[in-house]
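Q: Build me a model from this:
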Amino acid sequence: MQDIKPTKQVAAQAARLAFPYTIPIFAGFWFLGITYGIYMNVSGFCFVYPMLMSLTIFGGSLEFLAVEMLLSAFAPLQTLVMALMIQARHLFYGFSMLDKFRGTGWKKMYLIFGMCDETFSINYSANIPEDADRGWFMFFVTLFNHFYWVSGATLGGLLGNLITFDPKGLDFVMTALFVVIFLEQWLKEKKHASSLIGVLASAACLLLFGADSFLIPTMACILCLLSVFRKPIEKAGDFT
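A: From the prediction side, this is the model:
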C-alpha cells in the first residue's frame, strides 16, 4: 500500500506535463474526428460505428477508407492488403521507438497500439524533465490523443442528423497540423540535419514514385538515412 500513493503522484505529474503537448492535437483530432463521425452518419451508420472504429482502429485515413469498404462488396483479402499499405508507415515509427519504449512495463502494449503519427511526433521529440517518469508521460500523451479522436468521432456521429454540409476538403486540417509539428521540431533542432533528410527524401520519392505511392519508399529512405547518419546527427544535437 505504501507504493500506491507515490505511483499516483508520478502518474499525475506525467499527466500534467503531457497535456499541454496534446492541445494542438486536440484541435485537429476533434475537428477531423467530428467530420469523420458526420461522414459515417450520412453514409448510413449510427454513432456506434464511428465510436467503436475510432476506439479500436485508431487510424484516421484508414477509418475514412473503411467507410467505402463497409459499403462495398465483401472482400476481406483486398481490405487486409489495403489496410497494411495504408498503415505500413507505423513499422518505421516502431523501429524508431524501440529504445524509448524499453522499460515502460505494462504500458508498452498500449503505447504500441496507440502510436499514431501525432503521438509519435510528440513522444519522440518532447523534452521530458528528468524528474518525470518517461513511461507515464508517453502513456498520457497516447491516452489523451486517443480520447480526442474517439470523442470527436462519437460526437460527430451523434450530431450527424443535425448538421448537414459537404465534408470534402476538411481533412486538410491534418496537413496543417503536420506543418505545425514540423515547424516546432525545426525550431528545437540545432543543425536541422534530420529535418532536411525528411524533406529531401520526401521530395525525391515523390518525383520518383508519384503522389499515390511515395509514402512507404519515403519512410524506408528516411529510416535508412537516419540509421546511417545517426552518430553524426546525435553529435550535432539534432535528436537524442
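Q: Report the contact partners of Y49.
A: Residues touching Y49, when contacts are defined by CB atoms under 8 Å, 6 or more residues apart in numbering, comprise M40, G157. Heads up, the C-betas are built off the backbone N, CA and C, glycines and all.
Q: Which residue is the nearest non-sequential neighbour of T104?
A: Distances taken as CB to CB, 6 or more residues apart in numbering put G135 closest to T104, at 3.7 Å, once the chain neighbours are dropped.
Q: With Y21 instead?
A: Once its chain neighbours are removed from consideration, Y21 has its nearest residue in I122; the separation is 5.0 Å (CB to CB, 6+ apart).
Q: Could you count how many residues lie near that neighbour?
A: I122 has 21 neighbouring residues, counting by other CB atoms under 10 Å.
Q: outside of the host helix or strand of Q78, which residues touch it?
A: Counting by DSSP states H and E, the element that carries Q78 is helix 76-87. Surrounding helix 76-87, the residues in contact under the criterion CB under 8 Å, 6+ apart are G59, S61, L62, L65, M69, I216.
Q: Low-confidence stretches in this structure?
A: Counting by pLDDT under 70, the chain shows low-confidence ranges at 1-6, 163-178, 181, 233-240.
Q: counting residues per helix, which one in the chain is longest?
A: Looking only at the chain and at elements set by DSSP state H, the helix with the highest residue count is helix 4-42.
Q: Which of the residues in it are classified as buried?
A: Within helix 4-42, the residues scored as buried using 16 or more other CB atoms under 10 Å are 10-11, 13-15, 17-18, 21-22, 25-26, 28-42.
Q: Just the CA atoms of the helix or strand that comes right after it, as CSV, please.
A: Reading on from helix 4-42 to the C-terminus, the next helix or strand found by DSSP H and E is helix 48-56. As requested, the backbone C-alpha atoms of helix 48-56 are provided in CSV (Å, rounded to 0.1, in the frame of the first residue of the first chain):
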residue,chain,number,x,y,z
VAL,A,48,-21.8,3.3,-32.5
TYR,A,49,-19.8,2.6,-35.7
PRO,A,50,-17.5,5.6,-35.6
MET,A,51,-17.2,5.3,-31.8
LEU,A,52,-16.1,1.7,-32.0
MET,A,53,-14.0,2.1,-35.1
SER,A,54,-12.1,5.1,-33.7
LEU,A,55,-11.6,3.2,-30.4
THR,A,56,-10.2,0.0,-32.0
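Q: Show me which parts of helix 48-56 are buried, residue by residue.
A: Quick answer for helix 48-56 (16+ other CB under 10 Å): Y49, P50, M51, M53, S54.
Q: again, but for stretch 147-156
A: Y148, W149, V150, S151, G152, A153, T154, L155, G156.
Q: Tell me the gap between the strand or helix carrying L207 and the middle of its chain.
A: Secondary-structure assignment from DSSP H and E places L207 in helix 193-209. Put simply, helix 193-209 sits 20 Å off its chain's centre (CA atoms, centre = their mean, to the nearest Å).
Q: which helices and strands does that helix pack with?
A: Counting contacts by 3 or more CB pairs under 8 Å, 6 or more residues apart in numbering; DSSP states H and E, the secondary-structure elements packed against helix 193-209 are helix 172-188, helix 215-228, helix 230-236.
Q: Specify the residue ranges that define each domain of this structure.
A: Recorded structural domains for the chain (assignment: automatic domain parsing) are 4-170, 189-240.
Q: As CSV, those with distance to V180 would be great.
A: Supplementary listing: the domains of the chain in CSV, determined by distance: least, CB to CB, whole Å:
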stretch, distance to V180
domain 4-170, 6
domain 189-240, 14
